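Engineer: no sequence for this one, just the structure:
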C-alpha cells in the first residue's frame, strides 16, 4: 500500500508540484531519471500507431501563445498546457511554463495533475539523447552546447550520463547565462570550454546541440561549422518563425523529426519545401527506416517537442510518485455517494486543508442559504 | 490584502476544490451565486465578439469522450477539461466530471485551477435562467422539470430564485431520482408535483426544462405536449447522437442557441438541415435580434453548454474566492529567482505541504545525485 493510495482512497487525482518532481529526481538521481524517462519515451514511440495524435490548439496574442496538446492511447489520455511568452524574462517570469494531466480513458477520471516546467526540461533532454543514441556516432565525446539558458544543464547532463559526452563547448550571446551554466555544472566531471562564438563552440564537436530562445528566424548554425560525422541536435527551433539552422545545414544529411505534420510547421524544416524529405524518429527506433548509415554522414534531429513525449514523461513521473510516495491528493472531482446527487455536495462543505478558512466562514453562516 | 495573495505571494495559481466552491455557495447563498453568475455570463455574452472562440478538441473512445474547451479574450484565457462517460454511474462515478483553468493572456501564468463539476451545474442553470429571462413569458410560474438527475436541483432553484417559478412538475424514468430531487427541495417554498409521464409534467407548464441524460436520439418532448406561449429550455440534448426534442418541436417557434457552429453538431438542431434558422442568444441580449415577439409564441432554447459560460463561471468563482479568502495556493509553476536557471529548482526540493514525506526522503539521501 503506497502513500498516495493510503492517504486518499476517495480522491483519485494526485498532484505533483515542481518541488515534488525535484524530490523524485533527488531520490532517484538525475542519471536514473534521464535513463528511465528516455526508456519511457522510447517505449511509447515504438507503439506510435496506438496513439490518437490530435493537433494542438493554440491561442495567440500579441505577447505570446497558450497551447493545449492532447494525446491518448486506448488506456490513458494526457494533455499539456504550455505557454510561450518571449517577453516574460523581463518580468522575472519563465518564457515557457507548463503543466499537464493524465486521465483514465475508460472513465474520464483525472489521475494526475502535474507541473510540466521542470518535467518538460527533463523530457526534452531525454528525447534529445534518445535520438542521439540512434543517430549520432557512438564514440561521440565532445558536444557543442549553443544557448546556455534554462534548458542547457538538462541537455548537458543527459548527454553526459547517457551518451558518454565528456567535453562541452559552450556559447551564448549572454555571458551571464554561460557563467550560470558553468556554475551549475562545476561539480560534475564534464570538461567545460567557454567559447566566444558559435563557430568556435562547433569546432571539433561530435554533436552540436542548439537550445537558443530567440523568437526570430535565426541562423545559429551555418554549413561551414559542420564537419563530416557530426550529429546536430536542434532543440530551439520549435515554433513558426523560430529557427536555428541555416537551410543548407538541413541539406547536409538526413533530417529526422518527431511528427512530420507538426515539424513542418514548427521545426527548422519550416524553411524547406513541403516535399523536403524527413524521417520520423519512431521509424528509426522501430527499424523500419534507416538512421545514420556511416561515420562520415551528417545527421540532423530537428526537435520541436511532441505531445507523446509529455505523455511518456507524465506516465514515468506518476509511476515514480506512486513508488516513492511523493505527491499529494488533489480534490478536483467531487466524491459522490450517489452520482445523481451532485447537489448534496453543496451541503457538505468542509475544510479541505489546514490553510482553509472554511471553519471561520461557516461560523458566520451556520446553515446553507438555499 | 486578501487571504490568497497574503498566503502565497510567490505562488500565482489558486486552487478551488468542490468543497471550496460549496463554501463559496454557502457563504454567498445559492440565490446570490446564481444571480452573480448569470450576470457574469450575460456580461461576457454582450462582448461576444471580443472572444477567440476555438473549436473544442475531443478524444473519443469506446466508452466515452474527453474534451478540452479553450476560449480567450485579450486579457484572460480559459479552458475546461470535461468527460462524458454514460456508463460511469454503474461504477459509482459521475457521467460528467470537469475542471478548468484561468490564465493571464499577457504572460501565460495559470491564475486558477478549479473544479468544474459543481460549477458547471451552477453555470448551466444560470445560463438557462438567463436565456429564459430573455425568452420566456415574464409571468411564468410553473415549470416542468423532466430528468431529475444531477443537474435538476440546480435548474429548479435557479428558476425559483431568478425567474419566480413557484411550481415544479417533475418526471424521470427513474422514480428514485425524482424522490432524491423532492428530498433535496423539501425545505424550499417550491410546490412539487410528481408526474407519471413527461406529457403529464408538461401539462399546464409555462416552461419545460429537459435535463435527461440518455445518450441516444430521444424524443422526450413531442409537439402535442407544447401549448402556445411555452418556453422550452432544452439542456440535455448536448452532443452528437443525443437529442431530447422531436424535430417538429423545433418548428413550433424560433430556436435560440449559444454558438451556432457548435449547436448544429451537438444540440437538438443537429436533427435539422444545415440552413435551419437559429438565433444566437447573445444577439437577443444585445438587442440586435428578436427574442420572444408575443405571449402566444413558443420559444426554444437549445442549450449545449459553451466554453464562454465556463470562462464566465471561472471568472466569477475566482472573484468570489479572492473576496472571501476561500481557496488554496497551488504550486504548479516553479518560482525562479533567475528564469534562465530552471536547473536550480532541482537543488531546492523542500516539503510543500504537511502531507509531504519530503523530509523523510531527503533524510535518506542527503544530497542531490547529479
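Structural biologist: That came in fine, so what should we check first? Everything quoted here is computed from the prediction, not taken from an experiment.
Engineer: residue in the stretch 101-250 of chain A nearest to chain B?
Structural biologist: Taking CB to the nearest CB, chain B has its nearest neighbour within the stretch 101-250 of chain A at residue A:108, 2.4 Å off. Using the backbone N, CA and C atoms, a C-beta is placed for each residue, glycine as well.
Engineer: which element is the residue nearest to that residue when sequence neighbours are not counted on?
Structural biologist: Using CB to CB, 6 or more residues apart in numbering or on different chains and skipping the chain neighbours, the partner closest in space to residue A:108 is residue B:83 (2.4 Å). Secondary structure from DSSP states H and E places residue B:83 in strand B:76-84.
Engineer: in the stretch 1-150 of chain A, which spans are helices?
Structural biologist: Assigned by DSSP state H, counting those that start in this stretch, the stretch 1-150 of chain A shows helices spanning A:3-7, A:18-28, A:30-46, A:117-135.
Engineer: just send these back as JSON lines, with distance to residue B:134 too.
Structural biologist: Listed next are those as JSON lines, based on distance: least, CB to CB, whole Å:
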{"stretch": "helix A:3-7", "distance to residue B:134": "48"}
{"stretch": "helix A:18-28", "distance to residue B:134": "46"}
{"stretch": "helix A:30-46", "distance to residue B:134": "50"}
{"stretch": "helix A:117-135", "distance to residue B:134": "44"}
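Engineer: I'd like to know which of those helices is closest to residue B:274.
Structural biologist: helix A:30-46 (40.1 Å; CB to CB).
Engineer: quick one: mean pLDDT over the closest one.
Structural biologist: Per-region confidence: helix A:30-46 scores 97 on mean pLDDT.
Engineer: show the contacting residues for the residue of the stretch 101-250 of chain A closest to chain B.
Structural biologist: B:64-66, B:83-85, B:88, B:97 (CB atoms under 8 Å, 6 or more residues apart in numbering or on different chains).
Engineer: next one: phi and psi at it?
Structural biologist: With angles defined as degrees, to the nearest 10, residue A:108 sits at phi 80, psi 0.
Engineer: read off the pLDDT value for it.
Structural biologist: 97.
Engineer: and it, how far from residue B:60?
Structural biologist: 12 Å (CB to CB, to the nearest Å).
Engineer: what about residue A:90, how many neighbours?
Structural biologist: 9 (other CB atoms under 10 Å in any protein chain shown).
Engineer: actually residue A:140, not the one I wrote
Structural biologist: 20.
Engineer: same check on residue A:86?
Structural biologist: Neighbours around residue A:86, by other CB under 10 Å: 15.
Engineer: same thing with residue A:293?
Structural biologist: Residues near residue A:293, counting by other CB under 10 Å: 10.
Engineer: which of the helices or strands spans it?
Structural biologist: Going by DSSP H and E, residue A:293 is not part of any helix or strand.
Engineer: residues in contact with the nearest residue to residue A:85 once chain neighbours are set aside?
Structural biologist: Leaving aside its chain neighbours, residue A:85 sits nearest to residue A:64 (3.4 Å; criterion: CB to CB, 6+ apart). The neighbours of residue A:64, taking CB under 8 Å, 6+ apart as the test, are A:83-88, B:106-108.
Engineer: how about the residues of the stretch 101-250 of chain A by chain B?
Structural biologist: Within the stretch 101-250 of chain A, the positions near chain B by CB under 8 Å from any CB of the partner chain are A:101, A:103, A:105-110, A:113, A:115, A:117-118, A:121, A:148-151, A:153-154, A:157, A:174, A:177, A:180, A:184, A:187-188.
Engineer: quick one: buried residues of stretch A:204-224?
Structural biologist: A:205-213, A:215, A:218, A:220-221 (16 or more other CB atoms under 10 Å in any protein chain shown).
Engineer: inside strands: which ones of these?
Structural biologist: If you go by DSSP state E, these have A:207-210, A:218, A:220-221 in strands.
Engineer: got CSV for the residues you listed, with pLDDT too?
Structural biologist: Output for those, formatted as CSV (pLDDT from 0 to 100):
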residue, pLDDT
A:207, 98
A:208, 98
A:209, 98
A:210, 96
A:218, 78
A:220, 92
A:221, 95
